[in-house]
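A.B. asks: I'll drop the sequence and a predicted model, then ask my questions.
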Amino acid sequence: MKTIKGPAVFLAQFVDSKAPFNTLDGMCKWAADLGYKGIQIPTWESFLIDIEKAAESQTYCDELKGKVNSYGLEITELSTHLQGQLVAVNPAYDSMFDGFAPDVVKNNPKARTEWAIETVKKAGTASNRLGLKSHATFSGALLWHTMYPWPQRPPGLVELGFEELANRWMPILNHFDDKGVDVCYEIHPGEDLHDGVSFERFLAATKNHKRVNMLYDPSHYVLQNLDYLAFIDHYHSFIKAFHVKDAEFNPTGKQGVYGGYSDWIDRAGRFRSPGDGQVDFSGIFSKLTQYGCNVWAVMEWECCMKSPEQGAREGAPFIQKHIIEATQKTFDDFAGRDTDKDALKGILGI
């Protein structure tokens with residue numbers, strides 16, 4: 001067993017034009033003052049990390065890591081959620097996802113995909129330079145609009161979709177393998193990798209590539225009515241990153257999983273700050289510890305009610321309270337005694 005590391009915080013949702021959320025120094029001091037020990041860095045925020053420089057310069061990475069460490073913090077992972085999303089975009093979503101892309105590749109899906117692939121690869125190089133072993137991202141989606149099969153999906157469409165998704169990710173996965181870094185896909189509605197079955201489809205399409213792993217976030221399983229504790233039993237060997245985010249699902253006579261296009265506050269399924277929803281975090285931390293998952297517990301704030309400031313203040317002690325110091329001995333060691341084979345035979349009467 002291993003003790004989960006933490007508490008840590010994903011910086012993405014706290015970025016702002018106002019201090020302390022507009023500089024790396026400011027965010028590091030803020031996080032450290034709240035009791036966090038690690039930060040997950042979104043690579044699309046250039047004031048937090050220049051991914052181009054990080055891919056080219058060990059000196060830049062050493063200085064970046066040194067700055068973070070000077071606040072008593074560690075970098076848990078880099079994140080390319082937005083760039084990973086652009087590796088695979090169905091044409092139905094082109095205009096909406098263009099907002100994640102630089103101007104030079106907007107309105108050009110082929111160029112946008114190529115840019116995304118190269119950018120995620122650069123994040124793999126940067127992760128290696130920073131001494132990181134895991135990387136957080138999204139898979140993108142070619143098939144999500146066919147998730148509920150009406151009109152009926154043509155035979156072979158799903159297989160072809162996962163074959164194409166794998167083809168786009170294989171150069172990235174091979175690059176990450178060269179750098180010794182795991183790619184942790186956040187299993188998330190809206191992505192082609194949104195549950196265990198779809199993850200297995202992708203794993204098979206990549207011929208069980210050893211760098212295909214998971215970012216585990218139970219909030220997305222609550223909103224799917226998926227058993228998030230049993231999920232760990234099935235996939236613990238793939239869980240290399242962990243978001244601590246809460247959610248609740250309260251179906252009514254008017255709406256359920258799909259939410260009727262309502263705003264988050266009015267949906268049956270909605271995200272909450274850790275401890276305010278329905279997620280059994282004691283069960284999750286127990287299972288992750290039991291299986292020896294060597295992960296950082298990273299608080300991700302997404303709440304339809306509570307302010308990010310309050311969520312951040314409460315997040316560090318919430319995580320710290322749930323971290324289990326993995327025991328190195330069994331509770332009944334005191335009752336043990338030395339035995340030999342003859343004594344064992346005597347106990348069995350043989």
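C.D. replies: Happy to help now that I have it.
A.B. asks: Helix or strand next in line after the top helix by length along the chain, which one?
C.D. replies: Of all segments of type helix in the chain, defined using DSSP state H, the longest is helix 157-179. Along the chain past helix 157-179, the next helix or strand (assigned with DSSP states H and E) turns out to be strand 182-186.
A.B. asks: Output that following strand as PDB, nothing but the C-alphas.
C.D. replies: These are the backbone C-alpha positions of strand 182-186, laid out as PDB (Å, rounded to 0.1, in the frame of the first residue of the first chain):
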ATOM      1  CA  ASP A 182       1.900   8.200 -18.500                       C
ATOM      2  CA  VAL A 183      -1.000   9.800 -20.400                       C
ATOM      3  CA  CYS A 184      -3.900  10.000 -17.900                       C
ATOM      4  CA  TYR A 185      -7.200  10.500 -19.700                       C
ATOM      5  CA  GLU A 186      -9.900  12.100 -17.600                       C
END
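A.B. asks: residues in contact with the residue positioned nearest the centre of the chain?
C.D. replies: In the chain, the residue lying closest to the centroid (Cα atoms, centre = their mean) is Leu215, at 3.2 Å. The contact partners of Leu215, by Cβ atoms under 8 Å, 6 or more residues apart in numbering, come to Ala136, Thr137, Cys184, Tyr185, Glu186, Ile187, Ile239, Lys240, Ala241, Phe242, His243. The C-beta positions use only the backbone N, C-alpha and C, and glycine is treated the same way.
A.B. asks: For the second one, give me the pLDDT.
C.D. replies: Among the per-residue scores, Thr137 holds a pLDDT of 98.
A.B. asks: Need phi/psi at it.
C.D. replies: Note on Thr137: backbone dihedrals following degrees, to the nearest 10 are phi -160, psi 180.
A.B. asks: Output the lowest mean pLDDT helix or strand found in the protein.
C.D. replies: Sorted by mean pLDDT, DSSP states H and E, the helices and strands of the chain end with helix 341-348, the least confident at a mean of 91.
A.B. asks: next one: stretch 77-97 to chain centre, how far?
C.D. replies: Computed by Cα atoms, centre = their mean, to the nearest Å, the chain-centroid distance of stretch 77-97 equals 15 Å.
A.B. asks: Quote the end-to-end distance of it.
C.D. replies: Using Cα to Cα, to the nearest Å, the span of stretch 77-97 from its first residue to its last is 24 Å.
A.B. asks: cool, stretch 291-310 as well?
C.D. replies: The first-to-last residue distance of stretch 291-310 comes to 32 Å (Cα to Cα).
A.B. asks: now swap in stretch 253-261 and tell me
C.D. replies: For stretch 253-261, the first-to-last residue distance is 15 Å (Cα to Cα).
A.B. asks: ditto for stretch 89-97
C.D. replies: Counting by Cα to Cα, the length from the leading to the trailing residue of stretch 89-97 is 8 Å.
A.B. asks: Pull the residues that contact it.
C.D. replies: Contacts for stretch 89-97 (Cβ under 8 Å, 6+ apart): Gln85, Leu86, Pro109, Arg112, Thr113, Gly140, Ala141, Leu142, Leu143, Trp144, His145.
A.B. asks: buried sites along it?
C.D. replies: For stretch 89-97, a neighbour-count test (16 or more other Cβ atoms under 10 Å) marks Val89, Asn90, Tyr93, Phe97 as buried.
A.B. asks: Now do the strands in this protein.
C.D. replies: If you assign secondary structure with DSSP state E, the strands in the chain sit at 5-10, 38-42, 74-80, 134-137, 182-186, 212-216, 239-244, 246-249, 269-272, 296-299.
A.B. asks: To Arg153, which of those lies closest?
C.D. replies: Taking Cβ to Cβ as the criterion, strand 182-186 is the member of the strands of the chain that comes nearest to Arg153, at 22.4 Å.
A.B. asks: Now do that closest one: distance to the chain's middle.
C.D. replies: The offset between the C-alpha centroid of strand 182-186 and the centroid of the whole chain comes to 7 Å, using Cα atoms, centre = their mean.
A.B. asks: again, but for stretch 50-62
C.D. replies: 23 Å.
A.B. asks: same check, this time on stretch 204-218
C.D. replies: Chain-centre distance of stretch 204-218: 12 Å, with Cα atoms, centre = their mean.
A.B. asks: what's the answer for stretch 267-284, then?
C.D. replies: Relative to its parent chain, stretch 267-284 has a centroid offset of 16 Å by Cα atoms, centre = their mean.
A.B. asks: try stretch 120-137
C.D. replies: For stretch 120-137, the separation from the chain centroid amounts to 14 Å (computed by Cα atoms, centre = their mean).
A.B. asks: which one of the contacts of Leu215 is nearest Asp195?
C.D. replies: When the contacts of Leu215 are compared for distance to Asp195 (Cβ to Cβ), Ile187 comes out closest, at 6.5 Å.
A.B. asks: what number of residues lie near that closest one?
C.D. replies: Neighbouring residues of Ile187 were enumerated by other Cβ atoms under 10 Å; the total is 26.
A.B. asks: What pLDDT does the model give it?
C.D. replies: We have a pLDDT of 98 for Ile187.
A.B. asks: same thing with Thr339?
C.D. replies: Thr339 is assigned 78 on the pLDDT scale.
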